Every structure is written in structure tokens, then in C-alpha cells.
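**Q** Generate coordinates for the sequence data below:
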Amino acid sequence: MKTRSGNQSLLKMLSISKPIIQAPMAGVSTPALAAAVSNAGGLGSLGVGAMKADAAREAIRQTRARTQAPFNVNVFTHEPAVGNATVEKAWLDWLAPYFSNYGANAPEQLGEIYTSFVEDQAMLEVFLEEKPAVVSFHFGLPSGRIISALKDAGIVLFASATNLSEACAAVNAGVDALVAQGVEAGGHRGMFNPGEFDEALGTFALTRLLVEKFDLPIIAAGGIMDGAGIAAALALGAQAAQLGTAFVASPETSIDSGYRAALLSEQAQHTVLTSAISGRPARSMMNRFTELGLDANAPATPRYPIAYDAGKALHAAAKAKGDFGYGAHWAGQAAALARSLPAAELMAVLDAELKDAIRGLQQYGG
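**A** I've put the predicted structure just below:
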């Protein structure tokens, strides 16, 4: 398959043998998962956006203890939230009866539970000292000073983009590759400004737009679950495919039993974009929390990640009573294709499926 995007091969740039990137998935990915994917020839990833700097350092070192291969470390680069006491109180008052159903009280106040990388100097210092092969940005871009520091340290930089405007900003900022995140993707939309109109571009359309526009590697992400999907991404000109939901059911992830059961059930056939859980649009399997987000009487949701403080508290209260229906069950639109396989085994299956799909396309072309 011929690829147009990128003057330099992404696989050569990263010294990987397979065009498969495991999505970072903060709160789901683990050193064991990232290492298994990298050891199998792909690019494993750690999501450290929800971690403090010391925890991120430990995760990087634990991954390095399991693999000599390169891996990606992902951070959240959202605009730091500005609290609004009125909005937050209204949200907590509205959620209070749901907490009460589980014998719990809603928090008295909410806080910004994650520090954005754009102002996390301690996290930057960890990266400059530990020098992971790749650092990737989600929700926007850090300052030019931070990007220059990371590049000077020899770190390859990825940035997620959901439209051409975001991609242009990332290219102008100096990133080395773009992750074309289609609306099919599970988890949080990578939109730089969630207050702006979302064009909701699909993975195929966005990948083609970016491949034709930019001369750097494009990574397709969103709704890709098997080798045929990877082959389709490559046929569109992407140099690799990023898969998240495909790995969520692997035993190396840190998900709880409720999340795992939902992903491997009929529930995986139904996903929806919701801001109710975290305060930013994110694709989840439909559950009790996403139903709350569809309630026309719901008040305004607090800013991300302040709303997530309430979301995590409600999930914890329900989970303590055996109800997993308020979890952040992030999943892409093709979640029903998920397989509960160890990551190394899944990588082998994906590689075999990819080769089969390519052979089929070659036979079709004569």
C-alpha cells in the first residue's frame, strides 16, 4: 500500500516493526500493557494525564523494566479550568439524589483533579530526565518553550487533532506526527476548544484530509478494532493506526470487573458522546451516567476536569454497593468487536488480520 503522508517513515522514526499504536487511555493503560505492545513490535502507550509527576516517573520506569523498545507517554494539554461555584453547586444539588440512592452524600465542593501539562513544570522535568521515545498531547498544545525543550531532548512529539484547524496549529507548533482522531473514537474528544462547534469528522474523512494536506506522518484513530480496520487506515494514507478500545479488555489493563463485563456484553453495541461524566465530550458505552447526560432537565455541566470530580465520586458510591453503571466506560463505536486477549496475543492476531486484508486487496487489484 502506498502512503503519501510523511517524508519520513513513522516506523523507521520510532524503530517499530508494526503500524499499530496502542492508545494511551489514562486510567486504563498500564506499564504491563504498554510494554507488551512495544515488545510485540507496535508502539505501546502510557496515559499519565491523570497522574502526578512522581507517579508518571514510576510508570515510565516500570515500563522500561519490561521493555527495551520505544513507547509513548501521553499528557492532557487542556486549558486549565476556571471554577464556577454557582454552576458546581447546581450540578451537585442535581446529583445529590443519585448519591442518596447509594447511602452517600454528594461532595460539598469540587476541585480540578488533574493538572494540565501546559502548567505542570514537574511533569516536564520528568520527561526531560527520563526521555521517553514519544510524548503525545491531547486536548491542545503546550507552549513553544515546552515543545522546544522536549524536541531538544530528542523526544518525538505527537498531537491529536479532530479537524484541519487543530492539525494546522499542531504542525506549525513543530510536532512530528498527527493523530487523526475521528468522532468514532472512544474516550475524550481531543478538541482544542470544546466550546467551539464540533465538525464531528469521521476517521476516514479526517485521515484523508490530513494526508493530503500535510507532509508528516498521519496516525488514524477512532473505531479501528481489527486488522481489516488497520489495513483501511493504511490504504487511506495513514502510516499507522491507533487502537484504544481494542485493548481495553486485555488482562493487562486496570479496568474494573463492571467495565470489563460491559465491554464484552451487548452493551458494547451502544455508545454515545457525553459531557456529563467529566465535563468534556467523551464517547462511552451507554449506562446510567450517560442517561443522566441526556436528561433535558440537567443543569449546566461544570468545566473539565472539575465535573470529573463529581463523576468519580458518584461512580465510587454506586460501585461500593455493587452498581457499576456510573463508571466512565469509554469505548469507540465498534466496541462490540472487542476481544479479551492478552496484549501480545492480540498484537499477533491483529498482525495476521492485517496481512490477510492486504493480501485480499492485492488479489482484488490483480
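**Q** you'd agree Gly190 is up against Ala161?
**A** Yes. Here Gly190 lies in contact with Ala161, judged by Cβ atoms under 8 Å, at a distance of 6.8 Å. Using the backbone N, CA and C atoms, a C-beta is placed for each residue, glycine as well.
**Q** what is in contact with these two at once?
**A** 179, 181 (Cβ atoms under 8 Å, 6 or more residues apart in numbering).
**Q** Would you mind telling me which of these two has the busier surroundings?
**A** More crowded of Gly190 and Ala161, by other Cβ atoms under 10 Å: Ala161, with 29 against 26.
**Q** Is the more buried one bridged to anything, and to what?
**A** Counting by DSSP bridges, Ala161 forms beta bridges with Ala180.
**Q** Roughly how far does it sit from Ile113?
**A** Separation of Ala161 from Ile113 (Cβ to Cβ, to the nearest Å): 25 Å.
**Q** for Glu353, same thing?
**A** According to Cβ to Cβ, Glu353 and Ile113 sit 38 Å apart.
**Q** could you point out where the protein is predicted with low confidence?
**A** 1-8, 365-366 (pLDDT under 70).
**Q** switch the cut-off to 80
**A** Residues of the chain that meet the criterion pLDDT under 80 lie in 1-8, 364-366.
**Q** Can you show me the helices along it?
**A** For the chain, applying DSSP state H gives helices covering 10-14, 31-39, 53-66, 85-100, 121-130, 144-152, 164-173, 203-213, 227-235, 245-248, 257-263, 288-293, 306-319, 343-364.
**Q** Return the shortest one as PDB; C-alpha atoms alone will do.
**A** To tie it back to what came earlier, the one meant is helix 245-248. Listed next in PDB are the C-alpha coordinates belonging to helix 245-248 (Å, rounded to 0.1, in the frame of the first residue of the first chain):
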ATOM      1  CA  THR A 245     -10.900   0.100  22.800                       C
ATOM      2  CA  ALA A 246      -9.400  -3.000  21.100                       C
ATOM      3  CA  PHE A 247      -7.000  -3.300  24.000                       C
ATOM      4  CA  VAL A 248      -9.300  -2.300  26.900                       C
END
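**Q** for it, packing partners?
**A** If you count contacts as 3 or more Cβ pairs under 8 Å, 6 or more residues apart in numbering; DSSP states H and E, helix 245-248 packs onto helix 257-263, helix 343-364.
**Q** Off-centre distance for that helix?
**A** The chain centre lies 11 Å from the centre of helix 245-248; the measure is Cα atoms, centre = their mean, to the nearest Å.
**Q** In contact with Ala262, which residues?
**A** For Ala262, counting by Cβ under 8 Å, 6+ apart, the contacting residues are 268, 285, 287, 324, 327, 329.
**Q** where's the fifth one relative to Ala317, distance?
**A** This points to Gly327. Gly327 is 12 Å from Ala317, by Cβ to Cβ.
**Q** What distance do you get for Val118 to Ala69?
**A** 29 Å.
**Q** Show me which of Gly327 and Ala317 is the more surrounded one.
**A** The residue with more neighbours, out of Gly327 and Ala317, is Gly327; 25 against 21, by other Cβ under 10 Å.
**Q** Looks like the more buried one contacts Arg260 (just checking).
**A** No. Using Cβ under 8 Å, Gly327 is not in contact with Arg260; the gap is 10.5 Å.
**Q** one step back: looking at the helices of the chain, which is nearest to Ala185?
**A** helix 203-213 (7.4 Å; Cβ to Cβ).
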